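Enquirer: Compute the structure for the input listed below.
(one chain, ligands or ions: 1)
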Amino acid sequence: MTYDSARRQRDVYNRWWRWYDFSTKLAELTRGFSDIAERRKAVGRLDLKPGQRVLEVGVGTGENLPLLAESVGATGRPVGLDISTAMLRRCRQKLDRDGVRADLIEGEATNLPFADDEFDAVLNFGSFNGLDNRERALEEMMRVAKPGAKIVIADEGMAKERRNTFRGKLFLRFDPWLGLEPPLELLPPNVRDLHITWFRADYWYLVDFVNEQDLGDGMT
Ligand SMILES: C[S@@+](CC[C@H](N)C(=O)[O-])C[C@H]1O[C@@H](n2cnc3c(N)ncnc32)[C@H](O)[C@@H]1O
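Expert: Alright, predicted model coming up:
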């Protein structure tokens, strides 16, 4: 991601933070799914165990963090990274209000401020499509994930069957992001146990795989 486009994303979310949770609820109502139940599906694909360290890239206001914290237990640690100070500030308020333990870090998805092999699992939920350099962001997620770690990417992209329904066609007209496909072409050949499905009433893709990236093994 170039400096300008990263800055643009940051500016958008620095203005949007106040309405973000409301807009999520609106999507839940208009598209007809339970937000929390669907988040559980994505978090479930991480196969988390007590004591593990899990990273969410583009953590936003932290809607997934209580689920991540619950899955890794008191001995584990969820870490949330985001480019927007305002989203992180809101996230911290919610964590303190709800008594959820997590570390928050301001940073950029294409240049993660972590060492190689730091995390047992990595999640990107709702921020992947908007990145200019998705290849680089994926490379970074794989770099900071241990070999054998689960990586989950979920974002807007409608299932084929949904595109032909009345509601599907209507939503596609107003939200072009829903026309996106899961980013399978970006995955290196050495991923293991690739699993692709759709959730959030078939409006989002959910891709997960096991990281087999070795240290220094470039993906280009
Ligand atoms: C649609 S929100 C998703 C938030 C959260 N994951 C959720 O499930 O509600 C996208 C988030 O990604 C963040 N983001 C966008 N571009 C980013 C980048 N290059 N690096 C880090 N975070 C980024 C935004 O600031 C925003 O908080």
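Enquirer: So for the nearest residue to residue 52 once chain neighbours are set aside, what pLDDT did the model give?
Expert: Leaving out its chain neighbours, the residue that sits closest to residue 52 by CB to CB, 6 or more residues apart in numbering is residue 120, at 3.8 Å. Just so you know, the C-beta spots here come from the backbone N, C-alpha and C atoms, and that holds for glycine as well. Confidence at residue 120, expressed as pLDDT, is 98.
Enquirer: shift numbering so it begins at 737
Expert: Yep, numbering from 737; the last one is residue 856 now.
Enquirer: I would like the residues contacting the helix or strand encompassing residue 856, please.
Expert: Using DSSP states H and E, residue 856 sits in strand 855-861. Residues outside strand 855-861 that contact it (CB atoms under 8 Å, 6 or more residues apart in numbering) are 775, 778-779, 782-785, 788-794, 800, 804, 815, 845, 873, 877, 880-882, 885-891, 947.
Enquirer: Can you flag which of those residues belong to strands?
Expert: Applying DSSP state E to the contacts of strand 855-861, the entries found in strands are 789-793, 815, 881-882, 885-891.
Enquirer: burial count for the residue of the chain found nearest the ligand?
Expert: The nearest approach of the chain to the ligand comes at residue 796, 2.4 Å away (CB to the nearest ligand atom). Using other CB atoms under 10 Å, residue 796 has 24 other residues around it.
Enquirer: residues contacting the nearest residue to it once chain neighbours are set aside?
Expert: Leaving aside its chain neighbours, residue 796 sits nearest to residue 823 (5.0 Å; criterion: CB to CB, 6+ apart). Applying CB under 8 Å, 6+ apart to residue 823 gives the contacts 749, 750, 752, 753, 756, 795, 796, 797.
Enquirer: No more questions from me, cheers.
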